[in-house]
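# Next come a sequence and a model predicted from it.
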Amino acid sequence: MIVLGIDSSCDETSAAIVRDGRECLANVVASQTELHARFGGVVPEIACRAHLENFPWTIHEALQRAELTLDEVDGVAVTNRPGLVNALLVGVAAAKGIAFGRGLPLVGVDHIVAHIHASFLAEGGPPKFPCVALVVSGGHTSLYHLPTPTEHRLLGATRDDAAGEAFDKVARLLRLPYPGGPSIEAAARDGDPKGFPVPRTSPGKDNLDFSFSGMKTAVLYKAFGQDMRPKDAKQIEPRVPVADVAAGFQRAVVDVLVKTTLRAVEQTGVSDIVLGGGVAANTLLRERMRAAAERRGVRVVVPDKVLCTDNAAMVAVSGWFRLVAGESDGLDLDCHGRPVRAARV
C-alpha cells in the first residue's frame with residue numbers, strides 16, 4: 001500500500017510517500033526557520049501563508065523522488081491534530097482536495113502518535129510491543145505505554161513547559177539563535193555542565209510527570225541574579241560563560257527525561273523504549289538514553305534525526321495503520337488544536 005502523508009501542524013510543510021508502513025520512498029520538508037527566526041518563535045499567520053505556497057511543490061517533489069504519480073497512491077494521511085489550527089487547516093484542505101479528486105481514502109492522524117510511529121522507519125526495525133514511548137518536542141513532553149502499535153495510554157506529561165519550549169526560553173535568555181534546542185546543543189559543546197549545575201525538578205519520586213519551568217527559572221536566577229526578570233536579563237551578560245550555562249541546562253533536562261523514562265520502564269516491565277519528537281534529535285539525549293537503557297538490558301528505538309522533527313513520513317506510517325484496518329474519514333474531517341487525550345493509566 002502506497003500512502004501519501006501530509007503535515008502542516010506547525011512551521012514545517014511536509015509531504016512524503018511511504019510503502020507498507022515500513023519503507024520511506026520520499027520525505028520532503030520545507031523549513032520555515034528563517035521566516036520565524038527574527039521573531040524568536042513561530043508566527044501563525046506567517047506559517048499559514050508559507051504552507052499555502054509550499055504544498056504544491058512539496059507534494060510534487062515527493063512524488064517525483066518516489067518515481068510515482070497520484071494514480072499509484074492508495075490513500076492520503078494528514079495531520080489534523082494537535083497543532084496550530086489555521087496551519088492544520090491548510091494541510092487538511094490539501095489532503096481533502098487530493099482524496100476527493102482522485103477518489104482516494106482519507107485518514108486524519110494524531111501528530112503525537114505519528115512521532116511514535118516514526119520508529120517504524122528506524123534502522124534496526126520497529127520496537128517490540130508492549131513498549132514505552134517518550135515524545136519530547138517544543139509543544140509536548142509525554143510518556144506513553146503502548147500495548148500494541150495502535151494503542152497508546154498516557155503515563156505522564158509535562159505540568160508546565162515542554163522540554164523544547166524550555167530550551168527555546170533559555171536560549172532567548174542567553175541571546176542564542178532560534179530555534180533554541182539546536183542552539184543550546186551547539187553552545188554546550190564548548191561548555192562544562194559541572195561549571196553551572198542546574199537542579200533537577202520532579203513532581204514526585206514515583207511520578208511520571210515532568211516539570212521544566214523551575215529549571216528554567218533556576219537558570220535565570222543563577223546566571224543573572226535573584227532579582228532578575230526575563231525581559232531585563234536580555235540587557236546584560238550572564239555572570240557565567242554562556243557555554244557552561246547551556247551545558248548545565250542541557251544536562252539537567254536530559255537527566256530528567258532519561259530518569260523518568262526508565263522509571264516508566266520499571267513500572268511497566270517493557271523491554272523497548274521509543275524516542276520521538278524534535279528534542280529526540282538532541283545528541284546527548286540519544287546517547288544517555290541508550291547508555292542508561294543498555295545497562296538495564298532495554299533497547300532504545302529512535303529514528304534518524306530528520307524523522308524526529310516534524311515530517312510527513314511518520315504521518316504516512318500512522319495513516320497506514322488506519323488504512324489497513326479499513327478505517328477512513330469523510331471530507332468533513334475537522335482540525336483540533338489540542339491533543340485528543342489518551343487514557344491515563
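That came through, no problem. Residues are numbered from 1 along each chain as shown.

# can you list the domain ranges for this protein.
2-116+307-324, 125-302 (automatic domain parsing).

# Deepest-packed of these, please.
The highest mean neighbour count among those, using mean count of other Cβ atoms under 10 Å, belongs to domain 2-116+307-324: a mean of 21. C-beta here means a position set from N, CA and C on the backbone, and glycine is covered the same way.

# Report the distance from that one to the chain centre.
14 Å (Cα atoms, centre = their mean, to the nearest Å).

# Ends of that domain, what's the gap?
Using Cα to Cα, to the nearest Å, one end of domain 2-116+307-324 lies 11 Å from the other.

# Now that domain: average pLDDT?
Over the span of domain 2-116+307-324, the pLDDT mean works out to 95.

# With distance to residue 332 as extra columns, can I get the domains of the chain in JSON lines?
Shown next, in JSON lines, are the domains of the chain (distance: least, Cβ to Cβ, whole Å):
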{"stretch": "domain 2-116+307-324", "distance to residue 332": "9"}
{"stretch": "domain 125-302", "distance to residue 332": "23"}
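
# Tell me which of these lies nearest to residue 335.
Across the domains of the chain, residue 335 has its closest neighbour in domain 2-116+307-324 (4.1 Å, Cβ to Cβ).

# all helices in the stretch 101-250 of the chain, in order from the N-terminus.
Under the criterion DSSP state H, counting those that start in this stretch, the stretch 101-250 of the chain contains helices at 111-117, 163-173, 180-188, 213-224, 230-233, 242-268.

# Run through who's touching the first one.
Read that as helix 111-117. With Cβ atoms under 8 Å, 6 or more residues apart in numbering as the test, helix 111-117 has contacts from 7, 9, 79, 81-83, 133, 135, 137, 140, 142, 144, 146, 149, 152, 274, 276-277, 308, 310, 314-315, 317-318, 321, 339.

# now the fourth one
Helix 213-224 is contacted by residues 160-161, 166, 169-170, 173-174, 196, 198-201, 228, 230, 232-233, 236, 238-240, 245, 248-249, 252-253, 256 when judged by Cβ under 8 Å, 6+ apart.

# mind running it again at 7 Å?
With Cβ atoms under 7 Å, 6 or more residues apart in numbering as the test, helix 213-224 has contacts from 160-161, 166, 169-170, 173, 198-199, 201, 228, 230, 233, 236, 238-240, 245, 249, 252-253.

# can you check the second one too?
The set of residues that contact helix 163-173 without belonging to it, under Cβ under 7 Å, 6+ apart, is 40-41, 136-138, 141, 178-181, 183-184, 212, 215-216, 219-220, 230, 233, 249, 253, 257, 278-279.

# now do the third one
When contacts are taken as Cβ under 7 Å, 6+ apart, the neighbours of helix 180-188 outside the stretch itself are 164, 167-168, 170-172, 176-177, 242-243, 246-247, 249-250, 278-279, 282-283.

# any idea how far the residue at minimal distance from the centre of the chain is from residue 294?
Central residue of the chain (Cα atoms, centre = their mean): residue 277, 2.3 Å from the mean position. Distance check for residue 277 against residue 294: by Cβ to Cβ, to the nearest Å, it reads 21 Å.

# Over to residue 316?
Counting by Cβ to Cβ, the gap from residue 316 to residue 294 is 31 Å.

# same question, residue 147
Look at residue 147 and residue 294: by Cβ to Cβ, they are 24 Å apart.

# Distance of the residue in the chain sticking out farthest from the centre relative to residue 234?
The C-alpha centroid of the chain is most remote from residue 227, which lies 34.0 Å away (Cα atoms, centre = their mean). Applying Cβ to Cβ, the value for residue 227 to residue 234 is 15 Å.

# again, but for residue 120
43 Å.

# weakest of the helices of the stretch 101-250 of the chain in terms of mean pLDDT?
Ranked by mean pLDDT, those bottom out at helix 230-233, with a mean of 76.

# sorry, back to before: who's in contact with the residue nearest to the centre of the chain?
By Cβ under 7 Å, 6+ apart, residue 277 lies in contact with 115, 135, 136, 137, 140, 308.

# which residues in the stretch 51-200 of the chain form strands?
75-81, 106-110, 131-136, 141-146, 153-157 (DSSP state E, counting those that start in this stretch).

# What mean pLDDT does the last one get?
When the per-residue pLDDT values of strand 153-157 are averaged, the result is 96.

# That one to strand 131-136, inter-axis angle?
Put simply, strand 153-157 runs at 40 degrees to strand 131-136, going by axes from the mean of the first three to the mean of the last three Cα atoms, to 10 degrees.

# Which strands and helices lie in contact with strand 153-157?
Secondary-structure packing of strand 153-157 (3 or more Cβ pairs under 7 Å, 6 or more residues apart in numbering; DSSP states H and E): strand 141-146.

# May I have the strand it packs on as CSV, with CA atoms only?
The C-alpha coordinates for strand 141-146 follow below in CSV (Å, rounded to 0.1, in the frame of the first residue of the first chain):
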residue,chain,number,x,y,z
THR,A,141,6.7,16.1,26.7
SER,A,142,4.7,12.9,27.3
LEU,A,143,5.3,9.3,28.2
TYR,A,144,3.1,6.6,26.8
HIS,A,145,2.6,2.8,27.3
LEU,A,146,1.8,1.1,24.0
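
# Can you list the strands that that strand pairs with?
Partners of strand 141-146 in the sheet, by DSSP bridges, are strand 131-136 (antiparallel), strand 153-157 (antiparallel).
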